[in-house]
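Undergrad: when you get a sec, could you give me coordinates for this:
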Amino acid sequence: MAALNRIQKLASHLDPPKPMRFKVALLGAAGGIGQPLSMLLKMSPYISELALYDVANTPGVAADVSHMSTGARVTGHLGPAQLPAALKGAHLVVIPAGVPRKPGMTRDDLFNINAGIVAGLTAAIAEHCPQAWVAIISNPVNSTVPIAAEVLKRAGVFSPARLFGVTTLDIVRAEAFVAEVVGADPRDVVVPVVGGHAGITILPLLSQARPPLPASFGADKRKALSARIQDAGTEVVQAKAGAGSATLSMAYAAARFADSCLRAMAGEGPVAETAYVAFPPSEAPDLPFFASPLRLGKTGVQEVLPLGPLDASERATLADMKPELLGSIRKGVDFAGRK
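TA: Below you'll find the model as predicted:
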């Protein structure tokens, strides 16, 4: 019996149990973010079915991605008539749908186009997979997530624990930029980034960076680094000279966030994450939505963590951002009220 137990332990080590697997629906799969994100999600061991949806070109993307020799089954869905099939049974819905930001385009310009898209897709989610976790990438996230919340509330299926604005791109940028300064592998860098997902509402907590920034990296340099993190989207738009916005880095960030969601669903939690959610932190109770550090469990947000100690500059930025972020939230709520 002892020998049999040793053999079983060895076999378990050589062939570890496979993770739970889930259906993920990607809405906007044929776009600049959607295509690379489709590829990255197809590589996930946590996905049993990857349902790709868009209003054009989905069959080609689905055929292309389906040729990857990974476990997830791929289905392609084209146009509004096929949206219900894409959503039915989905555990996680990821939404990059909408137009990308172009040179000279403001967040208001994006809002006027993308708000209606997000509202329509969220209404379909409420009808066809109301228990799904919803991860919104479509900009401006500061407004589109409140829109989605209002649509779900109206349908009677809103759960703040299952609705997320994906702000992971701000975090991976901060990790990459701080790694350049400290000479570390970005994968070994931790930089909390909280608040919102546009301009001044993006608050990198550089005082909490690990490894820490060197003492010689003074206040002016920290201010410039924070500004670079806040304006990194514009940096990409300008570098692409009108040919697009941040698509590849956004796809990477979204895949990373989706992986956290799926690991939490599979019971591997609590999983540490940061997302824009309808849980105001204790440091900003007057803001109904805020990107906060979280712990994710099997049913969604399990705990909202405090922001931690802020230095004087970070406290000032937090105070300064509030009117901007609150205005964006109200804009989304008002839009949803008119639909």
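
Undergrad: just the mean pLDDT for stretch 326-335, thanks.
TA: Per-residue pLDDT values over stretch 326-335 give a mean of 96.

Undergrad: kindly report the same for stretch 188-205.
TA: 97.

Undergrad: next one: stretch 291-310
TA: 97.

Undergrad: before we move on, what about stretch 43-61?
TA: 98.

Undergrad: and what of stretch 136-147?
TA: 96.

Undergrad: and the helices in the stretch 201-339 of the chain?
TA: 219-230, 232-239, 248-265, 312-338 (DSSP state H, counting those that start in this stretch).

Undergrad: least confident of these, on average?
TA: helix 232-239 (a mean of 92).

Undergrad: only alpha carbons, please: show it as PDB.
TA: Taking C-alpha atoms only, helix 232-239 is exported to PDB below (Å, rounded to 0.1, in the frame of the first residue of the first chain):
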ATOM      1  CA  ALA A 232       1.000  56.800 -22.200                       C
ATOM      2  CA  GLY A 233      -2.000  56.300 -24.400                       C
ATOM      3  CA  THR A 234      -1.300  59.500 -26.200                       C
ATOM      4  CA  GLU A 235       2.300  58.500 -26.600                       C
ATOM      5  CA  VAL A 236       1.200  55.400 -28.500                       C
ATOM      6  CA  VAL A 237      -1.300  57.300 -30.600                       C
ATOM      7  CA  GLN A 238       1.300  59.800 -31.700                       C
ATOM      8  CA  ALA A 239       3.900  57.100 -32.400                       C
END
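
Undergrad: can you show me the strands along the stretch 51-200 of the chain?
TA: 73-78, 92-95, 133-136, 163-165, 193-195 (DSSP state E, counting those that start in this stretch).

Undergrad: picking up where we left off before, which of the helices of the stretch 201-339 of the chain sits most buried?
TA: Among those, helix 248-265 has the highest mean neighbour count (mean count of other C-beta atoms under 10 Å), at a mean of 21. No exception for glycine: its C-beta is placed from N, CA and C like everyone else's.

Undergrad: packing partners of it?
TA: Using 3 or more C-beta pairs under 8 Å, 6 or more residues apart in numbering; DSSP states H and E, the elements in contact with helix 248-265 are strand 22-27, helix 34-42, strand 92-95, strand 133-136, helix 168-182, strand 271-277, strand 290-297.

Undergrad: of the ones you listed, which is nearest Gly233?
TA: Between Gly233 and these, the shortest gap by C-beta to C-beta is with helix 168-182, which sits at 8.1 Å.

Undergrad: quick one: mean pLDDT over that closest one.
TA: 98.

Undergrad: helices or strands up against that helix?
TA: strand 193-195, strand 202-204, helix 219-230, helix 232-239, helix 248-265, strand 271-277.

Undergrad: hang on, the earlier thing: so for Leu50, which of the helices of the stretch 201-339 of the chain sits nearest?
TA: helix 248-265 (10.5 Å).
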